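Chemist: Just need the structure, nothing else, for what follows:
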Amino acid sequence: MTEDTDGPPTVGETVHDSARNRVGRVMDHVGPYIQLRPLAGGREWDADPDHLRALTRAELLSALVAEANARSRHRR
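Modeler: Take a look at the predicted model:
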């Protein structure tokens with residue numbers, strides 16, 4: 001599942017999980033689920049592939065900037 005195809009997301013791709021309203025990076029495919037991890041790291045969660053969509057370039061940039069901002073706030 002990329003912006004150009006409807007297949008399953010690939011490992012490393014960043015997607016939006018509409019069931020949890022969260023953005024995550026694809027870590028693995030396990031059974032019928034896709035395992036996602038928050039961009040800043042943390043606990044993985046299982047997501048139903050039917051609830052995932054690829055981020056637009058603007059959404060991806062926004063998510064990466066938000067993650068970088070959060071990381072910089074915790075370094076103080």
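
Chemist: Now for the protein: which strand has the highest residue count?
Modeler: Taking DSSP state E as the assignment, the strand of the chain that covers the most residues is strand 22-30.

Chemist: buried residues in it?
Modeler: Neighbour-count burial for strand 22-30, counted by 16 or more other CB atoms under 10 Å, picks out 23-26. In this view, the C-beta of every residue, glycine as well, is placed from N, C-alpha and C.

Chemist: Each with direction, which strands does the helix or strand that that strand is followed by pair with?
Modeler: Going down the chain from strand 22-30, the next helix or strand is strand 33-37, by DSSP states H and E. According to DSSP bridges, the neighbouring strands of strand 33-37, each with its direction, are strand 22-30 (antiparallel), strand 45-47 (antiparallel).

Chemist: How about the spatially most central residue of the chain, nearest residue that isn't a chain neighbour?
Modeler: Nearest to the mean C-alpha position of the chain, by CA atoms, centre = their mean, lies residue 24 at 2.0 Å. Taking CB to CB, 6 or more residues apart in numbering, and ignoring the residues beside it in sequence, residue 24 has residue 36 as its nearest neighbour in space, at 3.0 Å.

Chemist: same check, this time on residue 28
Modeler: In this structure, residue 28 finds its nearest non-sequential neighbour in residue 35, 4.5 Å apart by CB to CB, 6+ apart.
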